[in-house]
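A.B. asks: 3D, please:
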Amino acid sequence: MERKRFWITTALSTLVMAVTMSGLISGYKMGFSADWPEVWGQSFVVAWPCAFLLSVTVLPKVREFSEWLAEAI
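C.D. replies: So this is what the prediction gives:
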């Protein structure tokens, strides 16, 4: 069950972050015009796989480092 929860949490959290950040950044850069939803969609298609990959590869190392840092301080 723990592995299942990990993958569901990873998928949902990266989905939310990719939707939010790609939408905000693309809207900020180009303005919230009629063309914006298409650009947002294109940005999201790139952002979600990147966020997912980073979440399963880099984030565990960041957690390890933060635990080490918390103990060292």
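
A.B. asks: quick one: the helices in this structure?
C.D. replies: Assigned by DSSP state H, the chain shows helices spanning 2-30, 36-57, 59-72.

A.B. asks: could those helices go into JSON lines alongside mean neighbour count and mean pLDDT?
C.D. replies: In this view, the C-beta of every residue, glycine as well, is placed from N, C-alpha and C. Putting the helices of the chain into JSON lines (neighbours: other Cβ atoms under 10 Å; pLDDT from 0 to 100) gives the following:
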{"stretch": "helix 2-30", "mean neighbour count": "13", "mean pLDDT": "95"}
{"stretch": "helix 36-57", "mean neighbour count": "15", "mean pLDDT": "96"}
{"stretch": "helix 59-72", "mean neighbour count": "10", "mean pLDDT": "94"}
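
A.B. asks: Isn't residue 30 up against residue 40?
C.D. replies: No. Using Cβ atoms under 8 Å, residue 30 makes no contact with residue 40, being 9.5 Å away.

A.B. asks: Now list whatever residues contact both of the two.
C.D. replies: Shared contacts of residue 30 and residue 40 (Cβ atoms under 8 Å, 6 or more residues apart in numbering): none.
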